[in-house]
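Chemist: got a predicted structure plus its sequence, pasted below:
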Amino acid sequence: MNEDQNLQELFQRIESKVTASDHLRTQVAQRLSIPRKSRFKLRLAMAGGLVGVACFVGGVIVLLPSASAAGAYRRIEAAIRDAKYMHVLTYGNAPGKPRRLFNELFYSNGAWRIDGSPGTLLARTYLRVGGDQWLYLQHSDVSVKEPFIGGFLAEQRTALEFAESMSDEGRLGSPRDFSVEPRPDENNRAVYAILATREGTPYHFEMIVDNKTNLPIRTTFSGESPDSENYRIITADYSFGDQIDPRAFSPKIKPTTKLLNMGTEAEALKSAWEKPIKSIREPGTYVDVRDISVNQEGDLFIACSFGGSAGLKDGQFPKNLLPDSVKDDQGRAYFLVETVSPGGTFGDTRARDYFKIGNDNIAITEWAPIVPSTPWKPASKIDVTFALRTWTGSPTFYDWSVQSNAQFTLPPPIPEAFPAYSNGMLLDDVHQQFKMIASEDRAQFYERKQDFAQAARWYREAAEQAWPLNLAKTYKNKAARCQQLLDAHPAP
Amino acid sequence: MLEHCESAGLEAIRHSVTPKCLDPLAQLDDVVRYAFARLGSREEAEDVAMEVFQAAFRFRAELPRKSNPSLYLIGITRRKIADHLRRNRRQRGAGTVSLDDPGLHEVGWYQNEGLFELIEALNTLSELQRDVLILKYLLGLSTLEISELIKKSPQATNSLLQRARESLANNAPHLVPAPADDRRIS
C-alpha cells in the first residue's frame, strides 16, 4: 500500500463516521427552500442598501491585488476602527428620477439602529442594544422585542466588523479589480477614490475617501448596465464625527404601538393551538391543522404544524404532508399564494423555534380565490387536499402519490386582512407582498390561458401593489406586453 | 385550478438555489466532514456548515456561473472556518479552551469512532498543512483544485502536500507509516 492509499484510508475514518445530522439537513433544506425571504428580496431591502455602503470596505480586505489600494484600505480600516460613531444615509437613484432614501444607519459604541425604506410599506426600524433586538414595523405600528440571538448584524461588534460582514458579496463573487485614483477636492477637502470593477460585467464601485482622516465620505455602486431597466445607482453618504443622540437607540413605542414579546406571544399561541382541529397521518409524516382563518375578501389562511419527513432518506429536500389544493362548498377554487413560516426580523433569528409545537415546525399556507368577487360571499365549508411536498411548493418536489382529503368548517370572516397571529410570527413584511403576489399569480394564470385581457388587468393590479418598488415597472411592462398581444389578437 | 405550484415564482428560486450542476444538500456531508476535520468538533462543524449554506443561499445566483460550484462551496467553507477560528481566538485567546467548548464533550464520541487520534495527529501540523491534507485525502481534490483554493501555484501546493505528509508521518508514525524508502534508510 503506498503513502497516498494509507492516507486515503486514514481519512476514510472521517468520511465513514461523520455525516450531517438530520437536524442540520432539515435546517439547510428549509433554509434553501424558504420561499418568502427569497421572493423579491424585499426583506433584505434595508440590508441590501447597506451592501452598497459597506461591501467595498470589506471586499478590499480579501481581494485587493494592488499594493496602493491595499495600503489605502489599511488606512481606512484603522480610521474606522477608531470611530465611535457612524451615520450612513443610503440612497437609490434611477435615471432621470430624484434619489430616494433607502435607509439610515446609526452606530454608536456597539449599538445599532437602522431605519429602512422610509415612506414605503416596508418602513421599519431595527434596533440592537445590548442583549435585545427590537423591530418596529411602522406600517402596522407594532414593536417586537426578541432576545438577541443572531441574524442580521449577529457577529458584528464594531462598525468595521459590520463592514467586513457585508463583504461576502464581493469575495464570493467574481474577482474584482481595484485601483486608487486622485480626485478633485470636495468642499475644500482633499480626497481620493478607490475604484472596483468586475471584468466583463457592468459592476462599478467607487469610494471617495477623505485624504486627511482616511474615512469614507461617499460610496456609489451600480451593478447593472445603464441601458437595463433595473439600472440604478446606490449612493451612501458617511459621517463619523458627530455624536449620536443616545435616544436614537431607545425602542420606538408610541401609546398606540402594539408591543409584542416574542417569547410570551409564542406561549400564548401554543396554548391556543394546543388541540389541533384535525390530524392527518400518512406513513412517515403527519400534519396537524391548528387554525383556519378567512378574511372578507375570501383569502384563506391554513396554519399547520407538521412532522416526519418523506424525503430525507434520499438526501433530497424533505417532503411533508401539507395542504395542496382547496375548494369551497360553492365550487370556488383557490390557489396557493405562498407557504410561510414564523419569521425572523433579519436573517435567521430562530424566531421559528419560538413557534414550534413540540418538535414540529409550523407552516401557514395562504390561499386566494382564483376569481375574486366584491363583495365576497363567504363559504361555510372547504375541502382541502393534502399531499407530500416541500415548503416551496415547487412542482419538482411534489409527490401526489400520497394524498389525503379533509373537510373543514370555516369560521366567520375576520375583519382584518390577516390573522391576528401574523404580528407575533413576524409575518408583516411577508403579508405586505401578499396582494402583489396574488395579483401576479392570477396574471400568470390568465396569460397561460391566453386570456390576455385578464392577464393585463392583473399585472396592472400587481404594479399598483408593488409601487413604489422597482418591481412595479416590471409588472407594468408585462401588462403592456399582454395588452399588445390582446390588440394583435382580439378575442372574437 | 390555478397551477399553484408554479405560483410565486418559487420554481425559479429553487432553480437558482439548486442549479443543475450542484445539489447543495448533496454537498452538505462534504462540507460538514471538511469542517469537522479542521475544527475537531461535530457541533462546531455543523454551525459552520449552516453558515456556509446561508452564504450560498445569499449568493445562489453566483452558483450556476461557477465553473466548479462544488469547489466554490468548499472555498466558502474555508473562509467560514477561518472566521470561526478568528472569532474563537478573539473571544478567549489563542490556544485556550473553555469548559463550554463543545469539542471537549465529544472526545468520548470520536474516541470510540477511532477519530480522536487522527484529529490529534492533524492538530500537530500547521493550519495550512492540515488544510491541504484534508482537501486532498478527505475531499479528494486534485492538486490543481487545491492550489486554486489556497491561492498557491500547483508546484508550491505539491511541495506543501509533500511536507505535510512528512510531518504527519513524523508526528504520528503509528498512524502513517513513513514511505518505504524512508523506512529502509532508518
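Modeler: Sure, I can see it.

Chemist: which residues in chain A form helices?
Modeler: Counting by DSSP state H, residue ranges of the helices within chain A are A:3-17, A:22-33, A:35-38, A:45-63, A:67-82, A:159-165, A:168-172, A:262-272, A:351-354, A:421-424, A:428-431, A:434-448, A:452-466, A:471-488.

Chemist: equivalent analysis for chain B, please.
Modeler: So, for chain B - with DSSP H - the helices run B:10-17, B:24-39, B:42-58, B:69-92, B:102-105, B:107-112, B:116-123, B:127-133, B:143-150, B:154-171, B:180-185.

Chemist: can you lay out the ones you listed as JSON lines showing mean neighbour count?
Modeler: Placement of C-beta: from N, CA and C, glycine included. Output for the helices of chain B, formatted as JSON lines (neighbours: other CB atoms under 10 Å in any protein chain shown):
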{"stretch": "helix B:10-17", "mean neighbour count": "19"}
{"stretch": "helix B:24-39", "mean neighbour count": "23"}
{"stretch": "helix B:42-58", "mean neighbour count": "22"}
{"stretch": "helix B:69-92", "mean neighbour count": "17"}
{"stretch": "helix B:102-105", "mean neighbour count": "14"}
{"stretch": "helix B:107-112", "mean neighbour count": "13"}
{"stretch": "helix B:116-123", "mean neighbour count": "18"}
{"stretch": "helix B:127-133", "mean neighbour count": "20"}
{"stretch": "helix B:143-150", "mean neighbour count": "18"}
{"stretch": "helix B:154-171", "mean neighbour count": "17"}
{"stretch": "helix B:180-185", "mean neighbour count": "9"}
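
Chemist: dump these to a markdown table, plus distance to residue A:261 and mean pLDDT.
Modeler: A markdown table is the format used below for these (distance: least, CB to CB, whole Å; pLDDT from 0 to 100):
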| stretch | distance to residue A:261 | mean pLDDT |
| --- | --- | --- |
| helix B:10-17 | 32 | 28 |
| helix B:24-39 | 35 | 83 |
| helix B:42-58 | 26 | 77 |
| helix B:69-92 | 29 | 73 |
| helix B:102-105 | 30 | 35 |
| helix B:107-112 | 38 | 43 |
| helix B:116-123 | 43 | 76 |
| helix B:127-133 | 44 | 89 |
| helix B:143-150 | 46 | 85 |
| helix B:154-171 | 53 | 86 |
| helix B:180-185 | 66 | 36 |
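
Chemist: can you redo those as TSV with distance to chain A?
Modeler: TSV is the format used below for those (distance: least, CB to the nearest CB, whole Å):
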stretch	distance to chain A
helix B:10-17	5
helix B:24-39	5
helix B:42-58	5
helix B:69-92	6
helix B:102-105	13
helix B:107-112	8
helix B:116-123	6
helix B:127-133	7
helix B:143-150	12
helix B:154-171	6
helix B:180-185	8
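
Chemist: of all those helices, which lies closest to residue A:192?
Modeler: The stretch from the helices of chain B with the least distance to residue A:192 (CB to CB) is helix B:69-92; that distance is 28.9 Å.

Chemist: output that closest one as CSV, restricted to C-alpha atoms.
Modeler: The C-alpha trace of helix B:69-92 is given here as CSV (Å, rounded to 0.1, in the frame of the first residue of the first chain):
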residue,chain,number,x,y,z
PRO,B,69,-19.7,25.1,-7.8
SER,B,70,-18.6,22.3,-5.5
LEU,B,71,-15.1,23.9,-5.2
TYR,B,72,-16.8,27.2,-4.7
LEU,B,73,-18.7,25.8,-1.7
ILE,B,74,-15.5,24.4,-0.2
GLY,B,75,-14.0,27.9,-0.7
ILE,B,76,-16.8,29.4,1.3
THR,B,77,-16.3,26.8,4.0
ARG,B,78,-12.6,27.6,4.3
ARG,B,79,-13.4,31.2,4.8
LYS,B,80,-16.2,30.5,7.3
ILE,B,81,-13.8,28.2,9.2
ALA,B,82,-11.2,31.0,9.3
ASP,B,83,-13.9,33.4,10.6
HIS,B,84,-14.9,30.8,13.2
LEU,B,85,-11.4,30.3,14.4
ARG,B,86,-10.7,34.0,14.4
ARG,B,87,-13.9,34.6,16.5
ASN,B,88,-13.0,31.9,18.9
ARG,B,89,-9.5,33.3,19.3
ARG,B,90,-10.8,36.8,19.8
GLN,B,91,-13.2,35.6,22.4
ARG,B,92,-10.9,33.6,24.6
